[in-house]
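>>> Quick one, structure for this:
(one chain, ligands or ions: 2)
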Amino acid sequence: MNFQFGVDYYPEHWPEDRWETDARLMAEMGLKVVRLAEFAWNKLEPAQGRFDFAWLDRAIGTLAARGLKAVLGTPSASPPAWLIAAHPEILPVDSEGRTRGFGGRHHDCQSNPTYRSHVARIVTALADHYGRDTRVVGWQTDNELGNSHDDLCHCRHCKKSFQDWLEKRHGDIGTLNRNWGTVFWSQTYDSFSQVPTPMLTLTAHSPSLLLDWKRFHSDLIVNFQQVQIDLLRARTHGQFITHNFMGFHDLIDYYNLAAPLDFVSHDQYPVGFWENPPYRSPAVLASALDLMASLKEKAFWIMEQQAGPTGWQILARTPRPGQLVLWAAQSIAHGADTVVFFRWRSCTVGTEQFWHGILPHNGVPGRRYDELKGFVGAMAPLMPRFEGALSGAEVAVVHSYEQNWAFEIQPHHPELDYVKSAQDVHAAFHDRNIPAAFVSDRADLSAYKLVVAPLVFLDLPGVSERLKAFVNAGGHLVLTARTGVKSQSNVCLTENALPGPYGELLGIDILDYDCLRGVTVPVAVGGETGQGRFWWDVVTLRGAKALAAGGTGDHEGEPAATSHQFGRGQATYWATLPDEVLMGALIDRAVADARVSSLGASDAGVELVRRRAAEGDFLFALNHSAETRTHVPGPGWRAVAGGATLPPYGYNVFFRPKEVSGVIE
Ligand code: GAL
Ligand code: ZN
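Numbering: from 1, shown residues only. Ligands and ions are numbered 1, 2, ... in the order given. Model prediction:
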């Protein structure tokens, strides 16, 4: 169920006599769907049990009269003041034991039974009212689950839920003590009721406790959503359920959060005011989109696509003419079937007064409206042709929330970051116009020729077996430093030398290592010299051959990368974390060995992206630079949007039918 383009709209922020003008302008722009009500709890239930859906009925009616369908958000992210006043225990408690106050949003503890019962009431009432309304096409659960909940919550309900969760996972307290190694520093527990949540202590908590806390927190939020999904599924008919994800946000295992949804949605803000400088590279933007495609291995929606300058207390720069369109085109190129712009009109009140919408504060359509309208007109007719299609990537980068959590707990080197490492690998493919998917470590890898699995630190159930089977069947696998180090309980493995369960596959032993604090190791490969960073494994070859070695310095002559034939495939090891130059050279090598193909060469700043549809391939060229560029893909392709010349921030789309591309599905 796709609508190509839509907008996030807050009719409750505006006088009702304006709604008709808004609906008309939306329809004239070519929009088809509107997300509503995800923060409107108090307007929908102004006092406990007194529901008022009449205003929302009228708003939905006004939109429907212009052909616009509605997606409703469940309003659990903004519990009203009357609810908190009656039940202040709903407020979350932080790791210093402080209760966070009412105000802003998400001021709630997600395990609190009172809060949960009120969420269930409002979701049930909404679903009963709108579950068979054909003007409502779907639902968004909550809003950006995990947002604002970073070190929350440590209230007594969360503590009890954590302890119950631990009992389920470990069985009995003796097993937890063994799994965590609580003998260290006299932390042995007699019962689950003694196990703390990781509140502020004098010194660091056990890494095993911290990892289970992160797992618990993720499961808690997944369960919080599931309760809503169950209520909605039981009461709705022919309406989808989705949620708006936040790219590489790290609090929740997004693969689990995505599993019960019909499809995932994502909020894409290329220039967020909170970042300094507030720009993300095209590769980083692409990585978030490719992660979204990986969550269900399925096309997705953008539920919030940047539509103007972003700002709360401070602002980011105004997107240049063309940039909003370019970023929306990038979302579509990477697998969005519907793009919903955030927001319709810049709000005059509240925290987000300077988070600009398509319309300025005065509501008069201007540059942003005109640019986006032009884009919708050009792109909407094309989109059904590649609906559902993804890139057809031959390459995948493994991404695991549990591995990320382990590195958040123990980054080793102050600059080592799991997500950044995965994004760096993805960026190396991106820079070469090679479509690269992200993939869960629980996924089937057989569709890929080349898989890079950075930092497989924890030995999680089934993962080494899956990776070995992939190589055995002819795949090319790249593993990196800090692989095969710990058990799933976050304690060091002892059965083998490092890299633990991967030694045989890789044909190496690691008997010594060096955290590269304040130094890098030069490595020459493929005619270039890059640097190994953060970590260096001292590799002993046990059947593998060295692909490159450390240059002058403490690690001179030691293998920097190795390669080993295993079964019908090849297993490569990077003994360090490569900088961009070294990564590029090593990726070039892996791409050649695995016979992976690129979408072709492009001018500087021009990103090439493919959607491989049943009728053929759609190739997007996206000019992220402020200069005019050109891109023509060569024989067999014909332009379906734009032309060879790419103005600053311009894009084009070319199509090649299947007979020509020779794709056999
Ligand atoms: C998103 C959120 C929206 C709005 C927007 C601008 O993260 O889902 O509700 O807050 O950011 O800040
Ligand atoms: Zn709590």
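>>> what's the longest helix in the chain?
In the chain, taking DSSP state H as the definition, the longest helix is helix 207-235.
>>> How much space separates L83 from ligand 1?
Look at L83 and ligand 1: by CB to the nearest ligand atom, to the nearest Å, they are 20 Å apart. C-betas here are computed from N, CA, C, even on glycine.
>>> is it true that that residue touches I90?
Yes. If you go by CB atoms under 8 Å, L83 and I90 touch, sitting 6.8 Å apart.
>>> Identify the contacts common to the two.
When CB atoms under 8 Å, 6 or more residues apart in numbering defines a contact, the residues bordering L83 and I90 alike are Y115.
>>> tell me which residues in the longest helix of the chain are buried?
207-222, 224-226, 228-229, 231-232, 235 (16 or more other CB atoms under 10 Å).
>>> Check stretch 635-649 too.
Burial within stretch 635-649, assessed by neighbour count using 16+ other CB under 10 Å, is assigned to W637, A641, G642, L646, P648, Y649.
>>> tell me the SS of I434?
In three-state terms, and counting by DSSP: H, G, I helix; E, B strand; the rest coil, I434 is coil.
>>> Please tell me I have it right and it contacts A601.
No. Counting by CB under 8 Å, I434 does not reach A601; the two are 11.7 Å apart.
>>> Kindly confirm my reading that D142 forms part of a strand.
No. For D142, which was evaluated using three-state DSSP, the result is coil, with no strand membership.
>>> Now do the same contact list for it.
Residues counted as contacts of D142 (CB under 8 Å, 6+ apart) are E38, G73, T74, S76, A77, F224, Q225, Q228, H243.
>>> Could you count how many residues lie near the third one?
Residues near T74, counting by other CB atoms under 10 Å, number 25.
>>> Over to it: give its phi and psi.
Main-chain dihedrals, T74, degrees, to the nearest 10: phi -80, psi 130.
>>> Just give the closest residue to it, not the sequence neighbours.
With sequence-adjacent residues excluded and distances taken as CB to CB, 6 or more residues apart in numbering, T74 is closest to V123, at 5.0 Å.
>>> Mind telling me what element that neighbour is part of?
helix 113-130 (DSSP states H and E).
>>> any idea of the angle that helix forms with helix 207-235?
Counting by axes from the mean of the first three to the mean of the last three CA atoms, to 10 degrees, helix 113-130 points 30 degrees away from the direction of helix 207-235.
>>> So which residues of the stretch 501-650 of the chain form helices?
503-506, 580-594 (DSSP state H, counting those that start in this stretch).
>>> brain fart, the stretch 301-450 of the chain
For the stretch 301-450 of the chain, the helices defined by DSSP H, counting those that start in this stretch cover 323-333, 367-379, 401-409, 418-431.
>>> just for this protein, where's the confidence low?
In the predicted model of the chain, residues 278, 660-665 satisfy pLDDT under 70.
>>> tell me which parts of it are close to ligand 2?
Residues of the chain lying close to ligand 2 (CB under 5 Å from the ion) are C109, C153, C155, H157, C158.
>>> switch the cut-off to 6 Å
Within the chain, the positions lying close to ligand 2 (CB under 6 Å from the ion) are P92, C109, S111, N112, C153, C155, H157, C158.
>>> Tell me where the stretch 551-665 of the chain has strands.
Here the stretch 551-665 of the chain has its strands, by DSSP state E, counting those that start in this stretch, at 559-566, 569-574, 576-578, 606-613, 616-623, 629-630, 638-641, 645-646, 651-657.
>>> before we move on, the earlier item: include mean neighbour count and distance to ligand 1 when you put the helices of the stretch 301-450 of the chain into a markdown table, please.
Putting the helices of the stretch 301-450 of the chain into a markdown table (neighbours: other CB atoms under 10 Å; distance: least, CB to the nearest ligand atom, whole Å) gives the following:
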| stretch | mean neighbour count | distance to ligand 1 |
| --- | --- | --- |
| helix 323-333 | 24 | 15 |
| helix 367-379 | 18 | 16 |
| helix 401-409 | 21 | 20 |
| helix 418-431 | 23 | 18 |
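>>> how about stretch 560-569: buried residues?
By neighbour count on 16+ other CB under 10 Å, the buried set for stretch 560-569 is A560, A561, T562, S563, H564, F566, G569.
>>> which outside residues touch that stretch?
Where contact means CB under 8 Å, 6+ apart, the residues beyond stretch 560-569 that reach it are 468, 470-477, 504-508, 521, 523, 525, 532, 539, 541, 543-550, 570-576, 582, 586, 593.
>>> Just the C-alpha atoms of stretch 380-393, please, in CSV.
The C-alpha trace of stretch 380-393 is given here as CSV (Å, rounded to 0.1, in the frame of the first residue of the first chain):
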residue,chain,number,x,y,z
ALA,A,380,5.3,10.1,-8.5
PRO,A,381,4.4,8.7,-11.9
LEU,A,382,7.6,6.7,-12.1
MET,A,383,7.5,5.3,-8.6
PRO,A,384,5.0,2.5,-9.1
ARG,A,385,7.3,1.0,-11.7
PHE,A,386,10.0,0.2,-9.1
GLU,A,387,7.8,-0.3,-6.1
GLY,A,388,9.1,-2.9,-3.7
ALA,A,389,12.4,-3.2,-5.6
LEU,A,390,15.8,-2.9,-3.8
SER,A,391,19.3,-2.5,-5.1
GLY,A,392,20.1,-6.2,-5.9
ALA,A,393,23.3,-5.8,-4.0
